[in-house]
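>>> coords please:
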Amino acid sequence: MPSYAYDSRARPKPNSFYAPKPNRLVIDLVQRNIRGAIWRKLKVSDVEISDDDLKRLRKLASERCLLTPSHSGGFEPHVLMWLSRELNTYFNFLAAIEVFEQSPANRWCMPRLGCYSIHRGMIDRQSFAMTRKLLAAGERPVVIFPEGEAIWQNSTLVPFQPGVFQLAFKAMEDASDSEDIAHLKCVPMAIKYVFTADMQQEMNASLARLESHLELPAGDAPTNALSRLHRVALTVLEANEVAQGMRPSSDATLDDRIQTIKLSVISKLEHQFDIRPRNTESQLDRIRALFNAVDRIVHQDSPATPYAHRLATERVHMAQTIYGELWRLLEFVGVYDGYVSEAMTVERLMDILCLLENEVLGKRRVWGPRKAIVRVGQPVDLRDHYEEYTRDKRKTVHELTVAIENEVHTMLTELGNEHDTPMPAEAPAPA
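The predicted model follows:
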């Protein structure tokens with residue numbers, strides 16, 4: 001019997017691919033109900049975008065363009081679906097193949113919404129070819145999240161993937177003829193979530209759940225939220241250091257310890273799977289490579305002889321035990337000490353509580369009510385950079401990637417400065 005359960009950590013089979021099969025009936029149905037879905041899943045009661053930004057997107061909707069939004073809050077595709085409704089069109093979305101594999105409903109519905117898949121951390125030729133085809137055709141905007149991962153810390157970004165913009169240049173060349181270079185516009189976008197109600201009660205309840213589960217003594221508990229959060233986070237870190245057999249040096253800062261344990265676990269697993277990372281690879285790239293290595297073992301063809309089959313089964317069972325460590329690494333890849341203290345806002349503290357509850361209690365909570373604010377940057381026409389691209393492809397792609405990443409980061413920071421809720425000077429513990 002096939003399983004119809006939802007599995008948030010489902011892993012794909014190698015070489016699988018889901019192509020877009022847009023169906024207007026399915027798209028219209030989802031767009032008509034997207035506001036309710038945004039409230040149920042995101043606890044977002046309103047999406048805010050300026051008239052000027054909406055006008056800019058309406059103009060771009062009829063041009064060849066690539067939308068490159070931030071993806072640090074986790075639910076940005078829902079906001080983009082709402083935006084496509086406002087523009088009276090639909091988008092093509094590039095989505096991680098793991099999302100398709102989470103349920104049969106996703107596998108059926110997502111292609112009909114214009115989504116197509118990608119295996120992250122490997123050369124996915126089918127996905128690359130589809131991206132070039134859709135961008136070159138220019139029939140509707142293509143949405144690609146250049147971070148490549150939702151890190152659930154809405155006030156920061158992970159480095160953008162230059163391959164996104166390399167594919168965009170290739171698509172522009174595909175759409176050009178020998179005499180006329182086509183236009184293809186890359187559109188920086190930032191999406192920020194801010195609370196619209198007092199979150200003190202939810203904050204204290206979350207901290208109390210974590211303190212209770214970690215059996216932290218109530219007698220010497222600090223009285224303000226930031227100190228309580230620090231105590232919880234330190235307890236979680238210490239438990240993981242013990243589990244990994246690590247003993248931090250006495251002069252190591254909290255951030256030193258966070259980064260050391262992540263790198264130690266990654267390096268240990270790379271050695272186990274005989275993976276030699278390049279010096280330029282980020283932690284996120286290295287984690288994806290490990291996921292793909294485990295996937296190849298889990299989904300390998302069954303050997304012919306019973307003995308070989310038994311050995312392969314043992315290796316599969318060993319590999320499957322690694323998934324838990326990889327998911328933990330992926331969850332905390334963007335975490336660093338100071339995320340909350342460098343800008344004392346309710347939104348940042350709740351971001352970390354969300355990560356900690358998911359790690360300690362096994363449940364990701366979404367709090368609200370809140371609103372999503374969308375800001376659209378100045379489009380970058382790749383045609384204006386084509387001459388430099390022909391002279392030095394690698395340099396031009398790198399510079400463009402950094403420029404668009406910086407633009408998105410600036411907009412995200414500005415939105416936080418303008419709209420985030422400052423933490424009270426003293427957040428009292430619950431009675």
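
>>> can you list the domain ranges for this structure.
24-195+368-419, 198-253+339-365, 262-336 (automatic domain parsing).

>>> Kindly compare burial across these and name the winner.
Of all the domains of the chain, domain 24-195+368-419 has the most neighbours on average by mean count of other C-beta atoms under 10 Å, namely a mean of 19. Where C-beta positions appear, they are placed from N, C-alpha and C, glycine not excepted.

>>> Just the mean pLDDT for that domain, thanks.
For domain 24-195+368-419, mean pLDDT is 94.

>>> Leaving out the residues flanking it, which one is nearest to Leu415?
The shortest distance from Leu415 to any non-neighbouring residue, by C-beta to C-beta, 6 or more residues apart in numbering, is to Lys192 (3.8 Å).

>>> SS state for that neighbour?
Here Lys192 is strand, with the state taken from DSSP: H, G, I helix; E, B strand; the rest coil.

>>> thought it was touching Gly416?
Yes - shown here, Lys192 and Gly416 form a contact pair, counting by C-beta atoms under 8 Å, at 6.3 Å.

>>> what do those two both touch?
Ser155 (C-beta atoms under 8 Å, 6 or more residues apart in numbering).

>>> sorry, back to before: Throw the domains of the chain into JSON lines and include distance to Asn15, thanks.
JSON lines is the format used below for the domains of the chain (distance: least, C-beta to C-beta, whole Å):
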{"stretch": "domain 24-195+368-419", "distance to Asn15": "8"}
{"stretch": "domain 198-253+339-365", "distance to Asn15": "30"}
{"stretch": "domain 262-336", "distance to Asn15": "9"}
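
>>> Would you tell me which of those domains gets closest to Ser16?
Closest approach to Ser16 among these (C-beta to C-beta): domain 24-195+368-419, 6.6 Å.

>>> Skipping its backbone neighbours, what lies nearest the residue nearest the centre of the chain in space?
Nearest to the geometric centre of the chain sits Ala150, at 1.5 Å (C-alpha atoms, centre = their mean). Nearest residue to Ala150, sequence neighbours excluded (C-beta to C-beta, 6+ apart): Gly74, at 4.3 Å.

>>> same question, Val47
Nearest non-adjacent residue to Val47, counting by C-beta to C-beta, 6+ apart: Ala372, 4.8 Å away.

>>> and the one you found, that one's in a helix?
No - according to three-state DSSP, Ala372 belongs to no helix; its state is strand.

>>> And it, how far from Thr156?
Look at Ala372 and Thr156: by C-beta to C-beta, to the nearest Å, they are 17 Å apart.

>>> Give me the residue ranges of the stretch 251-400 of the chain where confidence is low.
Counting by pLDDT under 70, the stretch 251-400 of the chain has no low-confidence residues at all.

>>> Tell me which stretches of it form strands.
For the stretch 251-400 of the chain, the strands defined by DSSP state E, counting those that start in this stretch occupy 370-376, 380-381.

>>> Please tell me the pLDDT value assigned to Pro430.
Reported pLDDT for Pro430: 41.

>>> same question but for Ala218, I mixed them up
The model's pLDDT for Ala218 equals 78.

>>> Quick check: it touching Glu211?
Yes - using C-beta under 8 Å, Ala218 is in contact with Glu211, at 7.5 Å.

>>> Longest helix in this structure, please.
The helix that spans the most residues within the chain, counting by DSSP state H, is helix 393-419.

>>> if we can go back for a sec, and the strands of the stretch 251-400 of the chain: which comes nearest His299?
Here strand 370-376 is closest among the strands of the stretch 251-400 of the chain (C-beta to C-beta), at 36.8 Å.

>>> For that closest one, which helices and strands make contact with it?
In this structure, strand 370-376 makes packing contacts with helix 34-42, strand 44-49, helix 51-60, helix 76-86, strand 185-195, helix 393-419, judged by 3 or more C-beta pairs under 8 Å, 6 or more residues apart in numbering; DSSP states H and E.

>>> quick check: angle from it to helix 76-86?
Strand 370-376 runs at 70 degrees relative to helix 76-86, counting by axes from the mean of the first three to the mean of the last three C-alpha atoms, to 10 degrees.

>>> could I have strand 370-376 exported to CSV, CA atoms only?
Only the C-alpha atoms of strand 370-376 are listed here, as CSV (Å, rounded to 0.1, in the frame of the first residue of the first chain):
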residue,chain,number,x,y,z
ARG,A,370,2.0,39.2,11.7
LYS,A,371,2.2,40.8,8.3
ALA,A,372,4.6,40.2,5.3
ILE,A,373,6.2,43.3,3.8
VAL,A,374,7.5,43.0,0.2
ARG,A,375,10.1,45.4,-1.2
VAL,A,376,11.2,45.3,-4.8
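
>>> And the contacts of it?
38, 42-50, 53, 56-57, 73, 79, 83, 187-196, 411, 414-415, 419.

>>> hmm, try it at 7 Å
Residues outside strand 370-376 that contact it (C-beta atoms under 7 Å, 6 or more residues apart in numbering) are 43-49, 53, 56-57, 79, 83, 187, 189-196, 411, 415, 419.

>>> Distance of Leu412 relative to Asp420?
Taking C-beta to C-beta, one finds Leu412 at 11 Å from Asp420.

>>> Could you do Tyr323 as well?
For Tyr323 relative to Asp420 (C-beta to C-beta), the value is 35 Å.

>>> for Trp367, same thing?
Taken as C-beta to C-beta, the span from Trp367 to Asp420 is 14 Å.

>>> which residues in the stretch 1-150 of the chain form helices?
24-32, 34-42, 51-60, 76-86, 97-100, 104-112, 125-137 (DSSP state H, counting those that start in this stretch).

>>> Just send those helices back as TSV, with distance to Lys170 too.
Converted to TSV, the helices of the stretch 1-150 of the chain look like this (distance: least, C-beta to C-beta, whole Å):
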stretch	distance to Lys170
helix 24-32	27
helix 34-42	32
helix 51-60	20
helix 76-86	23
helix 97-100	21
helix 104-112	23
helix 125-137	5
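
>>> For Glu147, which residues are in contact?
Per C-beta under 7 Å, 6+ apart, neighbours of Glu147: 71-72, 157-158, 160.

>>> Could you pull up phi and psi at Ala252?
Backbone geometry at Ala252, expressed as degrees, to the nearest 10, gives phi -70, psi 130.

>>> And the nearest residue to it once chain neighbours are set aside, how far from Leu326?
Nearest residue to Ala252 in three dimensions, chain neighbours excluded: Thr260, at 7.2 Å (C-beta to C-beta, 6+ apart). To Leu326, Thr260 is 18 Å away according to C-beta to C-beta.

>>> His183 too?
Per C-beta to C-beta, His183 is found 41 Å from Leu326.

>>> Render the CA-only coordinates of the helix or strand containing Glu238 in PDB, please.
Under the criterion DSSP states H and E, the helix or strand holding Glu238 is helix 225-243. C-alpha atoms of helix 225-243 as PDB (Å, rounded to 0.1, in the frame of the first residue of the first chain):
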ATOM      1  CA  ALA A 225      13.900  36.900  28.000                       C
ATOM      2  CA  LEU A 226      17.300  37.400  26.500                       C
ATOM      3  CA  SER A 227      19.100  35.800  29.500                       C
ATOM      4  CA  ARG A 228      16.600  32.900  29.500                       C
ATOM      5  CA  LEU A 229      17.200  32.400  25.800                       C
ATOM      6  CA  HIS A 230      21.000  32.400  26.300                       C
ATOM      7  CA  ARG A 231      20.700  29.800  29.100                       C
ATOM      8  CA  VAL A 232      18.500  27.500  26.900                       C
ATOM      9  CA  ALA A 233      20.800  27.900  23.900                       C
ATOM     10  CA  LEU A 234      23.900  27.100  26.000                       C
ATOM     11  CA  THR A 235      22.200  24.000  27.400                       C
ATOM     12  CA  VAL A 236      21.400  22.700  23.900                       C
ATOM     13  CA  LEU A 237      24.900  23.500  22.700                       C
ATOM     14  CA  GLU A 238      26.500  21.700  25.700                       C
ATOM     15  CA  ALA A 239      24.300  18.600  25.100                       C
ATOM     16  CA  ASN A 240      25.500  18.500  21.500                       C
ATOM     17  CA  GLU A 241      29.100  18.900  22.400                       C
ATOM     18  CA  VAL A 242      28.800  16.000  24.800                       C
ATOM     19  CA  ALA A 243      27.100  13.900  22.200                       C
END
